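Asks: Structure for the following, please:
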Amino acid sequence: MFRAITPAWNNTNLQSLARVTCSGCILAHVRAATMGAAAAELNCHPFTAGPYAFMHNGDVAGFSAIRRSMLERLSDEAFASIRGNTDSEHVFALFQDQARETRRPSPRSRNSARLPTSWPTPPPSSA
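Replies: Residues are numbered from 1 along each chain as shown. This is a model prediction of the structure:
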């Protein structure tokens, strides 16, 4: 993972890394900072937790007014995952809780199947 507060087009470290980076999946994101949030690496995308990486383009309207209520809804685990103060990272924390809840077996059926941690590769097309 590479994060920086400098503009991507003027970051020599990013230019050096990009020349030698090879992957089946690369997430790249450049965005403006959240209104009122400090420009710090903690506030830079992507935000990661377990198998998830999260980026968000845009802003949550009225974030400063709803931040406290968002924090109150979070599990201790999701709350502890927040390192910065951006709207995006708080939304990611909400997502983490929702993802955990989705994977949890239903209280009605303890034998409910959990979501797979990886998805099967589709068979090749016969066309």
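
Asks: hang on, R19 in a helix?
Replies: Yes. Following the definition DSSP: H, G, I helix; E, B strand; the rest coil, R19 is counted among the residues of a helix.

Asks: ok, it to L27 distance?
Replies: Here the distance between R19 and L27 works out to 18 Å (C-beta to C-beta, to the nearest Å). To be clear about C-beta, it is placed using only N, CA and C from the backbone, and glycine gets the same treatment.

Asks: Quick one: distance of stretch 68-87 to the chain centre.
Replies: Taking C-alpha atoms, centre = their mean, to the nearest Å, one finds the center of stretch 68-87 at 13 Å from the center of the full chain.

Asks: pLDDT averaged over stretch 98-109, what's the number?
Replies: Per-residue confidence for stretch 98-109 averages out to 73 on the pLDDT scale.

Asks: From G58, how far out is H90?
Replies: Distance check for H90 against G58: by C-beta to C-beta, it reads 13 Å.

Asks: Between the two, point out the one with more neighbours.
Replies: When H90 is set against G58 and neighbours are counted by other C-beta atoms under 10 Å, the residue ahead is H90, at 25 against 9.

Asks: dump the residue contacts of the nearest residue to S75 once chain neighbours are set aside.
Replies: Excluding its sequence neighbours, the residue lying closest to S75 (C-beta to C-beta, 6 or more residues apart in numbering) is D97, at 5.2 Å. Counting by C-beta atoms under 8 Å, 6 or more residues apart in numbering, D97 touches 73-75, 77-78.

Asks: Show me which of the residues you listed are buried.
Replies: The neighbour-count criterion (16 or more other C-beta atoms under 10 Å) marks 74, 78 among those as buried.

Asks: in what helix or strand does the residue lying closest to L74 once chain neighbours are set aside lie?
Replies: Closest residue in space to L74, ignoring its immediate chain neighbours: A93 at 5.4 Å, by C-beta to C-beta, 6+ apart. Under the assignment given by DSSP states H and E, the secondary-structure element containing A93 is helix 87-103.
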